[in-house]
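J.: model this:
(one chain, ligands or ions: 2)
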Amino acid sequence: MWSKQRAAERAEDRAAREFVDRLVNAWRRVCERVPGLSHTVQVASGTTVVVPTLARADLSGPDPVLVVRKIHGQLIEDFRADEASRRIAAALGYDRIRVYPRGSEWVRIELLIGDPLDGEVPAPLAGRGLSVSDVEITIARDELGNLLRQSWVEGPHVCIQGATRSGKSVWCYSALAQLARLDDVLIAGSDLSGLLLGRPYVGTRHHEWQATGSADVEAHRDLLVRLVAEMDTRIRNLPPRRDKFTRFHAGFPLIVVVLEEFAGLLRLASTAQVEKGQPKMREQLLALYGRLVSEGHKAGMRLMVVTQRADATVVGGFERGQLGLRISFRLDDQEALVMLHGQSARDHLEEHQLAPPGVALVQAPARPLGRVRGPRLMGPSEDADYARYWDEIADGAARLHEVAA
Ligand SMILES: Nc1ncnc2c1ncn2[C@@H]1O[C@H](COP(=O)(O)OP(=O)(O)OP(=O)(O)O)[C@@H](O)[C@H]1O
Ligand SMILES: [Mg+2]
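T.: Ligands and ions are numbered 1, 2, ... in the order given. Next up is the predicted model:
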């Protein structure tokens, strides 16, 4: 019995050693080529290139793992950088790597076939009747399989950008369905398309706080005026010794202000007539937006700005600072990625151009930019997201009517 087990262990050791032997040359070559992965040192006989030591392999799990000793001064980020990790994976014959620290001197590198973001992320729907203070909203799953969850009471304003068919709407359906389940959340906002807001909300408490369609720009302006007035009233009524609202109830909800394709609304507004003596419609909209972005948070309002590409008008330096949760699905225009996430996004430009629908780069306060997959409302078929969203919103309304009756 014992000897059988020892024989098995010996075979495993041998397989691990052979695995390392097979990869060691490719490992050295790729480390030499990638900046940050190797150091050049002068020795008596000339120059040599030092690379991290490929110490051993661990083949006991589902994916092979390399155990590597870092060179002095090397950071885990040197291995995780987008270009470095892609080159390592390609050189070793895998699709991707996942790098974990192991003590201060070592890293573990998991070698993966396929994308860890393959596979859907179902949006969890909380029971009804809960408070926004009790529930965290699932915003994504990361490459390590962790769910990213965010409290909307604690959370910042959100900006979502992405090219057409990249997954913006699906993300919004699942986020808004989760939020609409909460009794003390009001879903307000402006949506030219009238798909995200508007029709699904007919008969709900949210509907009167929504402006939809492109026929009437003034209706969108008037809605923003109402929201800013509500914001001002709330701020005037802040209790003594408080600088923001943190408690909500059905009579005083947290207000999610969805601005779906606000840039499109601005374009439409640039040709709209205004009353004599009034500023241009576009200027009015921008001023109202600016006030909501800068002061809405303390009044219990959370923006959800959805756009095909973040541009300087909507997400300039100031707004970017306020829109703390930033989500970029695939983009055609790579500069928009830098516009929303800053220079750190440059590492991701190339790969992100090919991101499948639903895969995004996410950046949140205290969370560096990283790849994730957004959740979706799982339905009976691929294209059922919108129908599920519609039902979710309608069910909530039906339930409130029952409670009232
Ligand atoms: N998280 C996801 N997981 C799996 N598939 C997704 C996900 N998100 C989106 N998709 C797929 O991509 C398709 C397009 O997504 P979506 O309608 O959200 O794009 P969009 O960015 O809103 O595009 P548009 O700008 O044209 O409105 C969806 O119908 C769905 O099939
Ligand atoms: Mg859409």
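J.: who touches residue 49 in this structure?
T.: Residue 49 is in contact with 32, 38, 39, 40, 41, counting by Cβ atoms under 8 Å, 6 or more residues apart in numbering. Yep, even glycine has a C-beta here, placed from its N, CA and C like the rest.
J.: What subset of the residues you listed is buried?
T.: Buried residues within the contacts of residue 49, counting neighbours by 16 or more other Cβ atoms under 10 Å: residue 38.
J.: now the contacts of residue 49 as a markdown table including distance to residue 272?
T.: Shown next, in a markdown table, are the contacts of residue 49 (distance: Cβ to Cβ, whole Å):
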| residue | distance to residue 272 |
| --- | --- |
| 32 | 61 |
| 38 | 60 |
| 39 | 61 |
| 40 | 63 |
| 41 | 67 |
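J.: I'd like the contacts of residue 49 as JSON lines, with distance to ligand 1 appended.
T.: Output for the contacts of residue 49, formatted as JSON lines (distance: Cβ to the nearest ligand atom, whole Å):
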{"residue": "32", "distance to ligand 1": "38"}
{"residue": "38", "distance to ligand 1": "38"}
{"residue": "39", "distance to ligand 1": "41"}
{"residue": "40", "distance to ligand 1": "44"}
{"residue": "41", "distance to ligand 1": "47"}
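J.: Pull the most distant pair out of the contacts of residue 49.
T.: Taking Cβ to Cβ as the measure, those span a maximum distance of 12.9 Å, between 32 and 41.
J.: Next to ligand 1, which bits of the stretch 101-250 of the chain? Give me the list.
T.: 120, 162, 164, 165, 166, 167, 168, 169, 170 (Cβ under 6 Å from any ligand atom).
J.: Only the buried subset of the residues you listed, as a ChimeraX command please.
T.: To isolate the buried members of these in ChimeraX, using 16+ other Cβ under 10 Å:
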select :162,166,167,168,169,170
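J.: which two from the residues of the stretch 101-250 of the chain next to ligand 1 end up farthest apart in space?
T.: Taking Cβ to Cβ, the two most distant members of these are 120 and 164; they sit 20.9 Å apart.
J.: Filter the residues of the stretch 101-250 of the chain next to ligand 1 down to the ones in helices?
T.: Among these, the members falling in helices (DSSP state H) are 168, 169, 170.
J.: how about the residue of the stretch 1-150 of the chain found nearest ligand 1, phi and psi?
T.: For the stretch 1-150 of the chain and ligand 1, the shortest gap (Cβ to the nearest ligand atom) falls at residue 120, measuring 5.4 Å. Residue 120 adopts backbone torsions of phi -70, psi 160, taken as degrees, to the nearest 10.
J.: cool, residue 185 as well?
T.: Dihedral angles for residue 185 - degrees, to the nearest 10 - are phi -120, psi 130.
J.: what residues are up against it?
T.: Counting by Cβ under 8 Å, 6+ apart, residue 185 has contacts 132, 152, 179, 248, 253, 254, 255, 256.
J.: Could you tell me what pLDDT the model assigned to it?
T.: According to the prediction, residue 185 has pLDDT 97.
J.: what do you get for residue 15?
T.: Reported pLDDT for residue 15: 93.
J.: Checking my notes, it in a strand, right?
T.: No. Secondary structure of residue 15 (DSSP: H, G, I helix; E, B strand; the rest coil): helix, not part of a strand.
J.: List the contacts of the residue nearest to it when sequence neighbours are not counted.
T.: Nearest non-adjacent residue to residue 15, counting by Cβ to Cβ, 6 or more residues apart in numbering: residue 59, 5.9 Å away. By Cβ under 8 Å, 6+ apart, the contact set of residue 59 is 12, 15, 16, 19, 65.
J.: Let me know the helix or strand that residue 304 is in.
T.: Using DSSP states H and E, residue 304 maps to strand 301-307.
J.: quick one on the thing from earlier: please tell me how far the residue nearest to residue 15 sits from residue 30.
T.: 21 Å (Cβ to Cβ, to the nearest Å).
J.: Then residue 323?
T.: Relative to residue 30, and taking Cβ to Cβ, residue 323 is found at 38 Å.
J.: what do you get for residue 277?
T.: Taken as Cβ to Cβ, the span from residue 277 to residue 30 is 67 Å.
J.: Residue 233 now?
T.: In terms of Cβ to Cβ, residue 233 sits 61 Å off from residue 30.
J.: Name the residue in the two with the higher neighbour count.
T.: residue 30 (20 against 10; other Cβ atoms under 10 Å).
J.: Mean pLDDT per helix and strand in this structure: which one sits at the bottom?
T.: Using mean pLDDT, DSSP states H and E, helix 385-404 stands out as the lowest-scoring helix or strand of the chain, at a mean of 77.
J.: Near whichever residue of the chain sits closest to ligand 1, how many residues? Count them for me, please.
T.: Closest residue of the chain to ligand 1, Cβ to the nearest ligand atom: residue 358 (2.3 Å). Look at residue 358: counted by other Cβ under 10 Å, it has 22 neighbours.
J.: Name the nearest residue to it, ignoring sequence neighbours.
T.: Residue nearest to residue 358 in three dimensions, not counting chain neighbours: residue 167, with 4.3 Å by Cβ to Cβ, 6+ apart.
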